[in-house]
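Undergrad: 3D, please:
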Amino acid sequence: MSDQQPRRVRIVSPRTRATRSATGRPVSREIGEQTIVGEVYMGSLVRVQLRLAIGILLIFTVLLGGLPLLLLAEPQLADVQVLGFPLPWVLLGAVVHPVLVLGGLLYVRQAERNEHDFSEVVR
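TA: Sure thing, here's the model as predicted:
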């Protein structure tokens, strides 16, 4: 027997120089496969969009519901004429409709912003 130590052998993988893939799964894959993580992400988007829709709905409800209540509380306003038209008609035609259109445009803009932010998180 010799006093020599056995020669050390180094074992390496042939793929040591290969690029490594990401350690986690992409979020878009999680969403597509409807995993628990994907459901959490989609649930967050749905909650944000629902909160926005409820907010806009409340504003419209106060606007459209408040007008009849205002006229009920102050009946003399129904007799006021603006450019030959009764005030309630002017309010409905010239005030409410533009506010509804503006609210719709703001809703679409914010909903698209929410979706853009969501897609940024997913990437």
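
Undergrad: rest of the way, CA atoms for contacts and neighbours
TA: Noted.

Undergrad: give the buried residues for stretch 57-64.
TA: Going by neighbour count (16 or more other Cα atoms under 10 Å), the buried part of stretch 57-64 is Phe60.

Undergrad: let me see the mean pLDDT of that stretch.
TA: Here stretch 57-64 scores 90 as its mean pLDDT.

Undergrad: repeat that for stretch 67-79.
TA: For stretch 67-79, the per-residue pLDDT averages 86.

Undergrad: what about it, distance to the chain center?
TA: What separates the centre of stretch 67-79 from the centre of its chain is 37 Å, taken as Cα atoms, centre = their mean, to the nearest Å.

Undergrad: what does stretch 112-123 give?
TA: Centre to centre, stretch against its chain (Cα atoms, centre = their mean), the figure for stretch 112-123 is 8 Å.

Undergrad: what are the buried residues along that stretch?
TA: Those would be Asn114, Phe118, for stretch 112-123 by 16+ other Cα under 10 Å.

Undergrad: now it: mean pLDDT?
TA: 84.

Undergrad: mind saving the C-alpha coords of that stretch as CSV?
TA: Output in CSV follows, covering the C-alpha atoms of stretch 112-123 (Å, rounded to 0.1, in the frame of the first residue of the first chain):
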residue,chain,number,x,y,z
GLU,A,112,-57.6,51.2,-19.2
ARG,A,113,-55.1,52.6,-16.7
ASN,A,114,-55.9,49.8,-14.3
GLU,A,115,-55.5,47.2,-17.0
HIS,A,116,-52.2,48.7,-18.1
ASP,A,117,-50.9,48.7,-14.5
PHE,A,118,-52.0,45.1,-14.2
SER,A,119,-50.2,44.1,-17.3
GLU,A,120,-47.0,45.8,-16.1
VAL,A,121,-47.2,43.7,-12.9
VAL,A,122,-47.8,40.6,-14.9
ARG,A,123,-44.7,41.2,-17.0
